[in-house]
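1. Sequence and predicted structure are below.
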Protein chains: 2
Amino acid sequence: MSVRVDTQHLSGFVGENEYKALAPQVKLAHEMLHNGTGLGNDFIGWVDLPTNYDKEEFARIKEAAKRIQANSQVFIVIGIGGSYLGARAAIEFLKSPNYNNMKKDTPDIYFTGNSISSTALSELLAICEGKDVSINMISKSGTTTEPAIAFRVLREFLEKKYGKEEARKRIYCTTDKARGTLKQLATKEGYETFVVPDDVGGRYSVLTAVGLLPIAVSGADIDALMAGAAKAQQEYNNADMFTNPCYLYAALRNMLYRKGKEIEILVSYEPCYTMMCEWWKQLYGESEGKDNKGLFPASVVFSTDLHSMGQYIQQGRRSLFETVVLFDKAKQELYIGNDPENVDGLNFLEGKSMSYVNEKAFEGTVLAHTDGGVPNIVLHVPDFSEESLGALIYFFEKACAISGYLLGVNPFDQPGVESYKKNMFALLGKPGYEEQKEALEARLHK
Amino acid sequence: MSVRVDTQHLSGFVGENEYKALAPQVKLAHEMLHNGTGLGNDFIGWVDLPTNYDKEEFARIKEAAKRIQANSQVFIVIGIGGSYLGARAAIEFLKSPNYNNMKKDTPDIYFTGNSISSTALSELLAICEGKDVSINMISKSGTTTEPAIAFRVLREFLEKKYGKEEARKRIYCTTDKARGTLKQLATKEGYETFVVPDDVGGRYSVLTAVGLLPIAVSGADIDALMAGAAKAQQEYNNADMFTNPCYLYAALRNMLYRKGKEIEILVSYEPCYTMMCEWWKQLYGESEGKDNKGLFPASVVFSTDLHSMGQYIQQGRRSLFETVVLFDKAKQELYIGNDPENVDGLNFLEGKSMSYVNEKAFEGTVLAHTDGGVPNIVLHVPDFSEESLGALIYFFEKACAISGYLLGVNPFDQPGVESYKKNMFALLGKPGYEEQKEALEARLHK
């Protein structure tokens, strides 16, 4: 199995009978997902995406990535939410959180259009000064405020720098296959386009062109990434949670939720996993946080956060549990040397690898936290390869869908995201929102 | 006032009577803190630190920073928890989260020794290849596992690169003023040392040498930072929560906690505030998360996270509230231009600043979230200057102390942090922990 689930640190928190009680519901959720009879069934294109993707487009993505690597020192990805989290997470995981500071023969990669900060965008323009730049605008419609603002600014920057003709060759659009203003613009201007599939929601889109182009530009092997996901598609295709770890994870978090746990903390011991936690937070928070329900997704990176959130986890309110993601093989290894003076008292670790120490930190922590009343689910992943990442992504996506059905929500919509947008458009004076404007302004005590 | 509190988005959630009921308790907490009669009273050196700091050492910090700026391309800060979060947060806030990628005449700054990841440390060594490097080891004792391992590796790296004599001039230690093995080593080797004061805990230490040396190396004005904190010390020195915004914030979060809110989400609309949220999470999580109590501290950066955690906040479990930190003046400004084709439909924003749009995003969001049942506390900070940051740091520190006393905990200890360490030492076979080792290993089903 690509991802394994270890339940030993749940004994005392969840009983055998609870597993048995949930198994039929898991089977039902599986059937709903695979037969397309569940809520949100027009957004389940991701289920067989790892084997059923567009091979012609995939080849074009790899060609575009090569072109960008050859002619760009900076590659800018414009997108918000699911249109950037997956790609950024994969690049930091596979390459490094310090990717842009590493010596390498691939472009620096920046993500923008995911906030409305003038400072952040200004700084990016300063960083681009004097460098060769390509951009990837990712938006199904082309009208989402945050990326649209950034695209206006950066398109102007490119056209000023290169002229309209050359700029054209440096703009890549990932958007709807037929409709939408961005698609129209791309067709008119001759920008190369890639597709955001109709039946794959933003938070499930990392294995489409949305994620694949930036990941390929970083030099990661996207064939291996898809192969790992395809393997997981095969492995986690079984309705029985006792033999399907993906479903077991979905079941366990629901058992804990139903007995009163309110917060799930995703834990890693590797800094390169930090953005993967953010990707996971969107996936689970947006899929389940509705109808006044759902586990609140939080995350930490240990051991660093043992010296910040660790105190709360050990002794604060007992409303949380942890899900730990462990990698069985380190990416790079270092060994602890001898210090003749033994100033730090660490000579008992001489010759040991840091990974060994990190493993003992996990073991010590899991025992301390379970002693403190915090159930721990432990996931094992073989290594930091593209294959393993592809499998892990699919594991979390499918577990999320099953978990949402267990919870009794539509795991594929996000109706609450519209609320702030409507208010913002009205307050900005967008045509068509005139009536709401006055009422909202009155509420702001202006 | 340096930091103001806006309570308008709490009406409907908290009644006037609740304010009145809590005011005497706030006054009592103030007296306990200022008279030194509360729990943890041997760790309140931070209260008058902004005026009462060591001026001679402060001058030495500035000199050391100048020396490091002159002879180093990379400056490495080794520390965990409070020994790195504050400095990193301040540098990202004052300079940029992309500080290391900006064109500048100050060194790149990396933080290490805050995890046990061999990959992270290996990558840092690769980044240092061929560059001039200085390091700052921050540890009260010198024996904390994470920084001690990194210090072993980096000291060897420096001595190999420069020889022992030159390396000596590139190692700065921030440690106990008299005791501890790191202090002994520094004295013996002739490393320049700075002091972690006895009466200031790690999470309150950013305005001591712990934070000040790295912040100064980044080129930020630490005189202004201290001046801002000193102003706040003066401003928030009043026992009355109706005229002291710092105490009002402490009171409000306790009112919400006592009526069942479990999670406080710190919200910013600026990416450069991301690490400040992490600093805040340690400050509040470690101060209050004990005795099975305390608000769970979480954070988001909008508008990006409106497209991930936004759905949960709008419609998930109603156990949370938000505290929004707003800056009244942007660091850098950009204006939205005209697009003759208006592809994105944004021409109604022509000539508007991005900050204006960001402000409307906040207004739209605060109305949407309060409509969704999420109380919002709003903090206003004048700008992104060193003065404002100094004041904001002091504001949060003092509010945290008062909040802890209101909750009925010792806000200055962290007894839970020891639990994982003891287990880890035993599992690693550290001399003196032999007995526990066997029992722990048995529990791991080995």
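-> Thanks, I have the structure now.
2. which residues of chain A score low on pLDDT?
-> Scanning chain A for pLDDT under 70 picks out the ranges A:446.
3. Residue A:193 looks like it's in a helix, true?
-> No - residue state for residue A:193 (DSSP: H, G, I helix; E, B strand; the rest coil) corresponds to strand; a helix is not indicated.
4. Tell me the bridge partners for it.
-> On the basis of DSSP bridges, residue A:193 is bridged to residue A:173.
5. is the one helix or strand residue A:312 maps to up against chain B anywhere?
-> Using DSSP states H and E, the element containing residue A:312 is helix A:310-315. Yes - Helix A:310-315 lies within reach of chain B by CB under 8 Å from any CB of the partner chain, at A:310, A:311, A:312, A:313, A:314, A:315. C-beta here means a position set from N, CA and C on the backbone, and glycine is covered the same way.
6. And the strands in chain A?
-> Along chain A, counting by DSSP state E, strands occupy A:4-6, A:74-78, A:108-112, A:133-138, A:171-175, A:192-195, A:263-268, A:296-301, A:320-327, A:376-381.
7. re the thing from before, output the contacting helices and strands for the helix holding residue A:312.
-> Helix A:310-315 sits against helix A:354-371, helix B:274-288, helix B:417-428, with contacts defined as 3 or more CB pairs under 8 Å, 6 or more residues apart in numbering or on different chains; DSSP states H and E.
8. so where do the helices sit in the stretch 1-150 of chain A?
-> A:16-35, A:49-52, A:55-71, A:85-94, A:118-128, A:145-168 (DSSP state H, counting those that start in this stretch).
9. Strand A:74-78 and the fourth one, what's the angle between them?
-> Helix A:85-94 runs at 140 degrees relative to strand A:74-78, counting by axes from the mean of the first three to the mean of the last three CA atoms, to 10 degrees.
10. Make CSV out of the strands of chain A and add mean neighbour count.
-> Listed next are those as CSV, based on neighbours: other CB atoms under 10 Å in any protein chain shown:
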stretch, mean neighbour count
strand A:4-6, 17
strand A:74-78, 25
strand A:108-112, 23
strand A:133-138, 27
strand A:171-175, 26
strand A:192-195, 21
strand A:263-268, 25
strand A:296-301, 25
strand A:320-327, 23
strand A:376-381, 20
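11. Make TSV out of these and add distance to residue B:174.
-> Shown next, in TSV, are the strands of chain A (distance: least, CB to CB, whole Å):
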stretch	distance to residue B:174
strand A:4-6	40
strand A:74-78	36
strand A:108-112	32
strand A:133-138	40
strand A:171-175	47
strand A:192-195	50
strand A:263-268	28
strand A:296-301	23
strand A:320-327	32
strand A:376-381	35
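12. Quick check: which of those is nearest to residue A:411?
-> Taking CB to CB, strand A:296-301 is the member of those nearest to residue A:411, at 13.5 Å.
13. on that earlier part again, so of the helices and strands packed on helix A:310-315, which one's packed in deepest?
-> helix B:274-288 (a mean of 25; mean count of other CB atoms under 10 Å in any protein chain shown).
14. and it, how far from the chain's centre?
-> Remark: helix B:274-288 is offset 6 Å from the chain centroid, using CA atoms, centre = their mean, to the nearest Å.
15. so what's the backbone phi/psi at residue A:97?
-> Dihedral angles of residue A:97 (phi, psi; degrees, to the nearest 10) stand at phi -60, psi -20.
16. quick one on the thing from earlier: could you dump the helices and strands packed on helix A:310-315 to TSV with distance to residue A:405?
-> Output for the helices and strands packed on helix A:310-315, formatted as TSV (distance: least, CB to CB, whole Å):
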stretch	distance to residue A:405
helix A:354-371	29
helix B:274-288	32
helix B:417-428	36
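17. out of these, nearest to residue B:144?
-> Set against residue B:144 and scored by CB to CB, those come closest in helix B:417-428, at 8.7 Å.
18. what does the closest one contact?
-> With CB atoms under 8 Å, 6 or more residues apart in numbering or on different chains as the test, helix B:417-428 has contacts from A:303, A:306-307, A:310-311, A:314, A:348-349, A:352, A:357, A:360-361, A:363-365, A:367-369, A:371-372, B:145, B:286, B:432-434, B:436-437, B:440-441.
19. where's the residue nearest to the spatial centre of chain A relative to residue A:272, distance?
-> Chain A has residue A:279 as the residue nearest its centroid, 2.2 Å off, counting by CA atoms, centre = their mean. For residue A:279, the distance to residue A:272 (CB to CB, to the nearest Å) stands at 13 Å.
20. Then residue A:242?
-> Between residue A:242 and residue A:272 the distance is 32 Å, computed by CB to CB.
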